[in-house]
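*Asks:* Sequence first, then the predicted structure:
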Amino acid sequence: MLDIRNLKVLYGPIEAVHGISLRVEEGQCVTLLGPNGAGKSSTISAICGVAKATGDITFLGQDLLGTEIEDRVRAGISVSPEGRRIFSNLSVEANLQLGAGIRTDRDGIEADIDHWFTTFPILGERRTQSAGTLSGGEQQMLAIARALMAKPKILLLDEPSLGLAPRIVGQIFDMIEQLKSEGMTILLVEQNARQALRISDYAYLLNTGTIQAEGTTATLGQNDELMAKLTGLG
Amino acid sequence: MTLARHQKRGLIGAALLSLILIAIGVLAAWFGSRYQLRLVYGAYVNLLVVLGLQVFMGNARVTNLSHSAFMGIGAYAAAICVTPAATKAISLPDAPWGLAAFTLDPLTSAIIAIVITAAIAALVGLFIVRMTAIGATIASLAVLVIIHSIFLFRTDIFKGNQAFFGIPQVFSLTSIVVLSVVVVLIARGFRESHWGIQLRASADDETGAAAMGVNVVRLRLVAWVLSGIILALAGIAYAYYLGTISARPFYFNHVFLTLAMLILGGMRTVTGAVLGTFLISFGLEVVRWLETGPVVAGVDLPEALGLSGVVLGLVIVLTMTLRPQGVMGDREIEDIILRR
């Protein structure tokens, strides 16, 4: 579904990702693991069009490089960005509407907003309040719900567990697992390897802008040395 | 067209504001002296300016200092079109391009004034909307100076600091109350529109909004031009009531006054724009009375010329220090009255 070849991501003269290749098949959950500065978020930024990149990014047979961000959203790529990037001065409802920017079916948008308010009653209770009043975990749920408002074909999740308490992290991963079971294709970026591997089918390990290891989660899980390093027990 | 839930709420809010605006107009018409009516009319003109300012500044959250100049463009353009050729033959004997040779009806003149202001706003906007927030503010100040200089020194067209007289009095208090209700609806409609929400999101987090496909530059330009159109309406309403205009009211003092109104009330909401305008309009009348050195409760106060400038400055300093989001913050009138 998403096919990336020889991707290089550039920030001015600095190359953050040095020619990586990865694939995500429909219905899969694929995880990019790795430490800070490995190039995970840069890869996500290149896919959604925020960062400049070279190489090939093909999505459903369509070449994405050089297309506008809006066109990529239309093609079915939606992101919950690193640090959540909730619009804190806007109401919870307005945040969800922003996610639906490319849609014109007003009734469908309202119905989907209601769906999220039922799924997460706390969001419904704070409907007209500034999203900045939500807790970190609630903001993360809102960020994911907002990304889903675009009715994407693939959901990019950039560090959804960042800065959250362990119990909340569990809830977020339950939510991602639920989405996956409903058939959503997911590309997940995480530092929390244990939780991420629990729900993904395939994983890539990035470090300093290159892919160090890859494999199905079953194979990676058997590599004790690697797992120890990833889960911070080594 | 069906309205989304938050737009229905916005409509309720706009209706409540309209009722307040109509009520103030009716009270003024019943109880006000001729002099007070002029003051109230002036407050409504400033309300239009502050609403125009809010449309851009409040949604894009970029400070604009050129708004009074765009009001001036609207006022002069309408005045030049609507003033009888016979009057212009005396007042503008050297007018180029046959500007003194024709007379148009008030409606046509107003439409021409709006189109001209919108076109100039679009041209200026092409530069402004691409700048950073600070850059745009400084550039807008430069735009104010440029336009004011043209008003001042092209005396053959604008008469500079002399009075441009002979504009027929077309507007009454009723007309401006109706106009202010319409503009409140426009400002509120834009704020709650899809574009308005996207623009406010980009003001919150430009990169985050861009990642969701929001085209900040295009939206800022839309808001900037819409703001220019509302400012043109304010200028037209000003010229159509006073009958006489000059370059001075469209310069820095007015920029500062209307900015203080928007900042005090809260730039992020239309309710804030309305509240700030009336708080300062009425507050300033009290201050002007104090300036004359009246006797209050047996105490003979000294004359205090310039007090209004000090008070306006203090309003901005204190609001920015104590409550930078203004009195209303992110709340519109219906957020206070309705639950959820």
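*Replies:* That came through fine.

*Asks:* Just give the number of residues close to B:Ala122.
*Replies:* With neighbours defined by other C-beta atoms under 10 Å in any protein chain shown, the count for B:Ala122 comes to 14. Placement of C-beta: from N, CA and C, glycine included.

*Asks:* So which elements touch the helix or strand where B:His6 lies?
*Replies:* Using DSSP states H and E, B:His6 sits in helix B:5-31. Counting contacts by 3 or more C-beta pairs under 8 Å, 6 or more residues apart in numbering or on different chains; DSSP states H and E, helix B:5-31 is packed against helix A:92-99, helix B:34-60, helix B:173-192, helix B:270-291, helix B:333-337.

*Asks:* Report the buried residues of that helix.
*Replies:* In terms of neighbour count (16 or more other C-beta atoms under 10 Å in any protein chain shown), helix B:5-31 has its buried residues at B:6-7, B:9-11, B:13-14, B:16-18, B:21, B:24-25, B:28.

*Asks:* Next, report how far that helix is displaced from the centre of its chain.
*Replies:* 18 Å (C-alpha atoms, centre = their mean, to the nearest Å).

*Asks:* sorry, back to before: which one of the buried residues of helix B:5-31 is nearest chain A?
*Replies:* Ranked by distance to chain A (C-beta to the nearest C-beta), the buried residues of helix B:5-31 are led by B:His6 at 5.8 Å.

*Asks:* Who are the contact partners of A:Ser135?
*Replies:* For A:Ser135, the contact set (C-beta atoms under 8 Å, 6 or more residues apart in numbering or on different chains) is empty.

*Asks:* let's go with 10 Å and repeat that
*Replies:* A:Ile122, A:Met141, A:Leu164, A:Ala165, A:Ile168 (C-beta atoms under 10 Å, 6 or more residues apart in numbering or on different chains).

*Asks:* can those go into CSV with extra columns for secondary structure?
*Replies:* CSV is the format used below for the contacts of A:Ser135 (DSSP: H, G, I helix; E, B strand; the rest coil):
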residue, secondary structure
A:Ile122, helix
A:Met141, helix
A:Leu164, coil
A:Ala165, coil
A:Ile168, helix
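
*Asks:* can you pick the most crowded of those?
*Replies:* Counting by other C-beta under 10 Å, top hit in the contacts of A:Ser135: A:Met141 with 24 neighbours.

*Asks:* Now do the phi/psi pair for the closest residue to that one other than its chain neighbours.
*Replies:* Spatially, and ignoring its direct neighbours in sequence, A:Met141 is nearest to A:Phe120 (5.3 Å; C-beta to C-beta, 6 or more residues apart in numbering or on different chains). The phi/psi pair for A:Phe120 (degrees, to the nearest 10) reads phi -120, psi 90.

*Asks:* how many other residues sit next to A:Phe120?
*Replies:* If we define neighbours as other C-beta under 10 Å, then A:Phe120 has 20 of them.

*Asks:* hang on, isn't it packed against A:Leu142?
*Replies:* Yes - here A:Phe120 lies in contact with A:Leu142, judged by C-beta atoms under 10 Å, at a distance of 7.9 Å.

*Asks:* So in terms of bridging, what pairs with the most centrally placed residue in chain A?
*Replies:* Central residue of chain A (C-alpha atoms, centre = their mean): A:Leu157, 1.2 Å from the mean position. Per DSSP bridges, the residues bridged to A:Leu157 are A:Ser80, A:Leu188.

*Asks:* Thought A:Ser80 was touching it, still the case?
*Replies:* Yes - using C-beta under 10 Å, A:Leu157 is in contact with A:Ser80, at 5.1 Å.

*Asks:* shared neighbours of the two, anything?
*Replies:* Common contact partners of A:Leu157 and A:Ser80 (C-beta under 10 Å, 6+ apart): A:Ile44, A:Gln140, A:Ala143, A:Ile144, A:Ala147, A:Ile176, A:Leu188.

*Asks:* quick one, what contacts the first one?
*Replies:* To tie it back to what came earlier, the one meant is A:Ile44. A:Ile44 sits in contact with A:9, A:32, A:50-51, A:79-82, A:156-159, A:187-189, B:211, where contact means C-beta under 10 Å, 6+ apart.

*Asks:* Can you pick out the most distant pair from these?
*Replies:* Pairwise distances across those peak at 19.1 Å for A:Val9 and A:Ser80 (criterion: C-beta to C-beta).

*Asks:* now the contacts of A:Ser135 as JSON lines including pLDDT?
*Replies:* Shown next, in JSON lines, are the contacts of A:Ser135 (pLDDT from 0 to 100):
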{"residue": "A:Ile122", "pLDDT": "87"}
{"residue": "A:Met141", "pLDDT": "91"}
{"residue": "A:Leu164", "pLDDT": "89"}
{"residue": "A:Ala165", "pLDDT": "89"}
{"residue": "A:Ile168", "pLDDT": "90"}
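
*Asks:* can you pick the most crowded of the shared contacts of A:Leu157 and A:Ser80?
*Replies:* Neighbour counts for these, by other C-beta under 10 Å, peak at A:Leu188, which reaches 29 neighbours.

*Asks:* List the contacts of it.
*Replies:* By C-beta under 10 Å, 6+ apart, the contact set of A:Leu188 is A:24, A:29-33, A:40, A:44, A:80, A:155-161, A:173, A:176, A:180, A:195-196, A:199-200, A:203.

*Asks:* Kindly report the same for B:Ile146.
*Replies:* By C-beta under 10 Å, 6+ apart, the neighbours of B:Ile146 are B:Ser66, B:Ala69, B:Val124.

*Asks:* tell me the pLDDT at the first one?
*Replies:* If I follow you right, that is B:Ser66. In this prediction, B:Ser66 carries a pLDDT score of 95.

*Asks:* Could you verify my assumption that it touches B:Ser140?
*Replies:* Yes - at 4.1 Å, B:Ser66 counts as touching B:Ser140 under the criterion of C-beta under 10 Å.

*Asks:* joint contacts of these two?
*Replies:* With C-beta under 10 Å, 6+ apart as the test, B:Ser66 and B:Ser140 both reach B:Val124, B:Ile128, B:Val255.

*Asks:* and of the contacts of A:Ser135, the nearest to chain B?
*Replies:* A:Ile122 (13.1 Å).

*Asks:* which ones are touching the spatially closest residue to the closest one that is not a sequence neighbour?
*Replies:* The shortest distance from A:Ile122 to any non-neighbouring residue, by C-beta to C-beta, 6+ apart, is to A:Glu138 (5.6 Å). A:Glu138 makes contact with A:Arg84, A:Ile86, A:Val92, A:Phe120, A:Ile122, A:Leu123, A:Arg126, A:Ala131, A:Ile168, according to C-beta under 10 Å, 6+ apart.
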